[in-house]
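K.L.:
using only what follows, build the 3D model:
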Amino acid sequence: MLSATFRPFVRLYWLIPALLGLTNQPGQGQSVTRWQGQADIGGWAASGQVMPFWLRANQWGTVPLTAPAGTLRASLWKPYRTDTTSRPRRFDWSVGAQLVGNVATESRVLLPELYVKGRWKAIELAVGRWRQLTGLGDSTLSSGFINGSGNAIPIPKVQLATRGYVPLGFTKQFVALNAGFVHGWFTGAYIQGSYLHQKYLYLRLGKPASRFKGYLGVNHEVQWAGQADYLKGSTAAVNGKLPSQIKYYPAVVLGTRPDSWETADYTSFDGAYWFGNGLGSMDLGVEMNTQTGTWLLYHQHIYEDLSGLLWVNAPDGLTGLSWHRTTDGQQSRLNRVVVEYLTTTNQSGSTFDYNAQYQGADNYFNHSQYSEGWSYLGRTIGTPFIMPRNEVRPTARRSQYFPNNRIDMGYVAAMGQFGATLDWTVRLSYSRNYGTFGEPYPTPLNQFSALVSAQWQLPRLAGTQLTASLATDQGQLLLATTGGFVGLRKRW
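P.N.:
As a prediction, this is how the structure comes out:
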């Protein structure tokens, strides 16, 4: 069945380099190829019709939820200059695109990346959609950052930001700043005309070469505006529309309540709270460099309202410890290890009381105005362990879009290599799932998910990699399934 699915893809796969017009020859005076490309072909199979969790989680919404399935992908990009034979440019630009075609129960063509970026010294303006995580942690092996994990397809946006951490000269480089301001669009969503507001500010304490560094920061995201038929007749909207006028934008940015209880633009729902579906995280981290590697201890504290900002919901959030090797050594070795613990069971208490100083039952990712909550095109934007109801067993589904947002989860992952041509990765997670405060499960549901994958660099085909993965789900939250992926990748 899969071979019939892939047959038309295989012919096109070998034509992609010619179609992209790529070469491996660097331009005069450059040390690397300016334009780069990549082509992938592969397929998934499973014991049932459900894709195992670790084959689809944190894949930027590009892996189908059902199996069997096939995929063909093509990417083309021009990074910022990396040549070493000329003086660094104050201004530079970058552009990229990726096209994904999936053949599954519901075949789709996706455009997960299409962007243009320009930088002036340490400041960057970017337009489009591109892969970008939200938060502080191990971006390579994490189970998924609490608010922006890379689980959903990127949201198109305009972003003005620093390029990573920028040392402040007047502190003699002891303090470095990483900041950004974003406006985005929830295009193609169940609610039309909805926007994304995002901002973040992170500080690094310690000089770049210091053995110890400290990190602290905060990010804030808001889905706001929009209109939908399901909102018509609701007390949460005016004629099915949520406030979208520019005069309300300062309240969205600052997270403040409007001056009036209700107006012709909004109902008392917004007057009692604030505009849109707001959430964020407050992050802390400590980094230590040793002779063999770098250690990072981090915590992402989730918040959805004032009680979360004041840590009334502690210890809710993601806590992790990562180590990665920074020295060269033998070819067979362990290169990176991550251990994480996710808990979201506190939620500032079990009941919501508007008259209380700090309202409880934070009900992470669900929202009364935005019926699909903190999701984009059907996938969770934040941690993949808070998943939509269509991803869990029918017996675990409830009325809300996210039926299970009270979780205790432990996670271990590692990656390394055997010899010079084989890289491997392992991911293991075990969770206890309690449902929501409003609709709890009668007893906690236990869930175990695992993945083992390997990538071989084919020695006689430069830039060609063979990938194989095996994953399984066993437990009470997800349907039991075991499946795998086999793919071929070529880079130019």
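K.L.:
rest of the way, CA atoms for contacts and neighbours
P.N.:
Fine.
K.L.:
which stretches of the stretch 101-250 of the chain form helices?
P.N.:
249-254 (DSSP state H, counting those that start in this stretch).
K.L.:
strands along the stretch 251-400 of the chain, start to end?
P.N.:
Counting by DSSP state E, counting those that start in this stretch, one finds strands in the stretch 251-400 of the chain at the ranges 277-289, 293-303, 317-325, 333-343, 375-376, 379-380.
K.L.:
parallel or antiparallel, list what pairs with the third one.
P.N.:
This means strand 317-325. strand 293-303 (antiparallel), strand 333-343 (antiparallel) (DSSP bridges).
K.L.:
distance from the lengthiest strand in the chain to the middle of the chain?
P.N.:
Identified as the longest strand of the chain according to DSSP state E is strand 440-457. Centroid separation between strand 440-457 and its chain, computed with CA atoms, centre = their mean, to the nearest Å, is 18 Å.
K.L.:
offset the numbering so it begins at 41, please.
P.N.:
Fine by me, first position is 41 from now on; the one you just mentioned is strand 480-497.
K.L.:
show me where pLDDT drops low in the stretch 191-340 of the chain?
P.N.:
Of all residues in the stretch 191-340 of the chain, none has pLDDT under 70.
K.L.:
let's see it at 90
P.N.:
228-229, 297-300, 311-314, 332 (pLDDT under 90).
K.L.:
what packs against the longest strand of the chain?
P.N.:
Secondary structure elements in contact with strand 480-497, counted by 3 or more CA pairs under 8 Å, 6 or more residues apart in numbering; DSSP states H and E, are helix 93-96, strand 462-475, strand 504-515.
K.L.:
for the stretch 41-190 of the chain, give me the ranges with low pLDDT.
P.N.:
Counting by pLDDT under 90, the stretch 41-190 of the chain has low-confidence residues at 41-74, 88, 121-130, 146.
K.L.:
any low-confidence regions in the stretch 391-532 of the chain?
P.N.:
391-401, 459-461, 499-503.
K.L.:
just name the most buried of the strands of the stretch 291-440 of the chain.
P.N.:
strand 419-420 (a mean of 24; mean count of other CA atoms under 10 Å).
K.L.:
other residues contacting that one?
P.N.:
Defining contact as CA atoms under 8 Å, 6 or more residues apart in numbering, one finds that strand 419-420 is touched by 101, 191, 192, 193, 414, 426, 427, 428.
K.L.:
just how off-centre is it within its chain?
P.N.:
With CA atoms, centre = their mean, you get 9 Å for strand 419-420.
K.L.:
so which bits of the helix or strand following that strand are buried?
P.N.:
Next helix or strand after strand 419-420 toward the C-terminus (DSSP states H and E): strand 447-458. Within strand 447-458, the residues scored as buried using 16 or more other CA atoms under 10 Å are 447, 448, 449, 450, 451, 452, 453, 454, 455, 456, 457.
K.L.:
which one of the contacts of strand 419-420 sits closest to residue 307?
P.N.:
Lowest distance from residue 307 to these (CA to CA) belongs to residue 414, with 21.6 Å.
K.L.:
residues contacting the closest one?
P.N.:
Applying CA under 8 Å, 6+ apart, the residues near residue 414 are 317, 405, 406, 407, 420, 421, 422.
K.L.:
same thing but at 10 Å, please
P.N.:
187-188, 261-263, 317-319, 404-407, 420-422, 426, 428, 441-442 (CA atoms under 10 Å, 6 or more residues apart in numbering).
K.L.:
next, it: phi, psi?
P.N.:
Residue 414 adopts backbone torsions of phi -80, psi 70, taken as degrees, to the nearest 10.
K.L.:
follow-up on the earlier one: now the helices and strands packed on strand 480-497 in TSV, with distance to residue 498 and mean neighbour count?
P.N.:
Compiled in TSV, these are given as follows (distance: least, CA to CA, whole Å; neighbours: other CA atoms under 10 Å):
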stretch	distance to residue 498	mean neighbour count
helix 93-96	23	22
strand 462-475	9	20
strand 504-515	6	19
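K.L.:
distance to residue 368 added to the ones you listed, as JSON lines?
P.N.:
Listed next are those as JSON lines, based on distance: least, CA to CA, whole Å:
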{"stretch": "helix 93-96", "distance to residue 368": "30"}
{"stretch": "strand 462-475", "distance to residue 368": "15"}
{"stretch": "strand 504-515", "distance to residue 368": "22"}
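K.L.:
looking at the ones you listed, which is nearest to residue 281?
P.N.:
Evaluated with CA to CA, the helices and strands packed on strand 480-497 place strand 462-475 nearest to residue 281, the distance being 30.3 Å.
K.L.:
quick one: strands adjacent to the closest one?
P.N.:
strand 447-458 (antiparallel), strand 480-497 (antiparallel).
K.L.:
rewinding a little: quick one: buried ones out of the contacts of residue 414?
P.N.:
187-188, 261-263, 317-319, 404-407, 420-422, 426, 428, 441-442.
K.L.:
ok, now which ones touch residue 317?
P.N.:
236, 261-265, 292, 344, 405-410, 413-414.
K.L.:
from the residues you listed, which is closest to residue 111?
P.N.:
Among the contacts of residue 317, and counting by CA to CA, the member closest to residue 111 is residue 414, at 26.9 Å.
K.L.:
just grab the bridge partners of the nearest residue to residue 150 once chain neighbours are set aside for me.
P.N.:
Using CA to CA, 6 or more residues apart in numbering and skipping residues adjacent in sequence, the residue nearest residue 150 is residue 140, 5.0 Å away. For residue 140, the beta-bridge partners are residue 113, residue 150 (DSSP bridges).
K.L.:
so residue 140 makes contact with residue 80?
P.N.:
Yes. Counting by CA atoms under 10 Å, residue 140 does reach residue 80; the two are 9.2 Å apart.
K.L.:
which residues are common contacts for these two?
P.N.:
111, 112, 113, 114, 115.
K.L.:
from those residues, which two are the most distant?
P.N.:
So, these by CA to CA: farthest apart are 111 and 115, at 13.3 Å.
K.L.:
between the two, tell me which one has more neighbours.
P.N.:
Neighbour totals were compared for residue 111 and residue 115, and residue 111 leads with 24 against 19 (other CA atoms under 10 Å).
K.L.:
what about that one, which SS state?
P.N.:
Under DSSP: H, G, I helix; E, B strand; the rest coil, the three-state class of residue 111 is strand.
K.L.:
which of the buried residues of strand 447-458 sits closest to residue 157?
P.N.:
residue 455 (31.3 Å).
K.L.:
once you drop chain neighbours, what's closest to that closest one?
P.N.:
residue 465 (4.3 Å).
K.L.:
bridging residues for that neighbour?
P.N.:
residue 455, residue 493.
K.L.:
same check on the one 5 residues further on?
P.N.:
Residue 470 has the following beta-bridge partners by DSSP bridges: residue 450, residue 488.
K.L.:
surely it touches residue 517?
P.N.:
No. At 11.1 Å, residue 470 does not count as touching residue 517 under the criterion of CA under 10 Å.
K.L.:
who's in contact with the closest residue to residue 96 other than its chain neighbours?
P.N.:
Leaving aside its chain neighbours, residue 96 sits nearest to residue 103 (5.3 Å; criterion: CA to CA, 6+ apart). By CA under 10 Å, 6+ apart, the residues touching residue 103 are 84, 91, 95-97, 109-111, 140, 142, 144, 191-192.
K.L.:
hang on, the earlier thing: relative to residue 246, which of the strands of the stretch 291-440 of the chain is closest?
P.N.:
Comparing those under CA to CA, the one sitting nearest is strand 317-329, at 9.8 Å.
K.L.:
list the neighbouring strands of the closest one plus their orientation.
P.N.:
strand 252-264 (antiparallel), strand 333-343 (antiparallel).
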